[in-house]
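>>> whatever this is, show me its structure:
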Amino acid sequence: MVASLVQIYEESREKLSVLSRVQGIIKNESSFRAIMDNIKEGVCAMSEDGGIYFANISALNILGYKSIDESQSKKIFDIAESDFADFKAEFKEKQKVKAKIVTATAKDKSPVDVLLTPIFKEDEQMVGIIFQGI
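Predicted structure coming up:
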């Protein structure tokens, strides 16, 4: 009986710990969203295939979308192979990349020129972009 009570106690303590971590993640995500949505530049997180899976309010406005659901998984930014190679080389050399003008495709399919800076992670994979309409 004591062993059963100890086991129940341990399981309850573990569940409380998990719940606390989940609540922390939700709070951090909410804070992250508030910060991102107050940045005047467009910010997008990209999937490995170049589709968008996160966009802040400025990004949606620049591109004519009302919600992330409308833009999710779409390949909106047309980065030429030569520009992408330049971005990657610059990142590899300096860990900092200069912005370039590229064309994005708005929701209504019209071209939108933007000043774009890619965000790479250590393995040189592009994981996001920061941009502004020009």
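
>>> and Cys44, how many neighbours?
25 (other C-beta atoms under 10 Å). To be clear about C-beta, it is placed using only N, CA and C from the backbone, and glycine gets the same treatment.

>>> what does Arg33 give?
For Arg33, using other C-beta under 10 Å, the count is 13.

>>> ok, now how distant is it from Gly51?
From Arg33 across to Gly51, the span is 20 Å (C-beta to C-beta, to the nearest Å).

>>> what of Asp37?
In terms of C-beta to C-beta, Asp37 sits 21 Å off from Gly51.

>>> next one: Leu116
Using C-beta to C-beta, Leu116 is found at 16 Å from Gly51.

>>> neighbour count: those two, which is higher?
Leu116 (24 against 14).

>>> nearest residue to the more buried one in space, please, no chain neighbours.
Nearest residue to Leu116, sequence neighbours excluded (C-beta to C-beta, 6 or more residues apart in numbering): Phe131, at 4.3 Å.

>>> now that neighbour, which residues is it bridged with?
Taking DSSP bridges, one finds Gly42, Leu116 as the beta-bridge partners of Phe131.

>>> show me where the chain has its strands.
Taking DSSP state E, the strands of the chain run over residues 42-46, 52-55, 77-78, 100-105, 111-120, 126-133.
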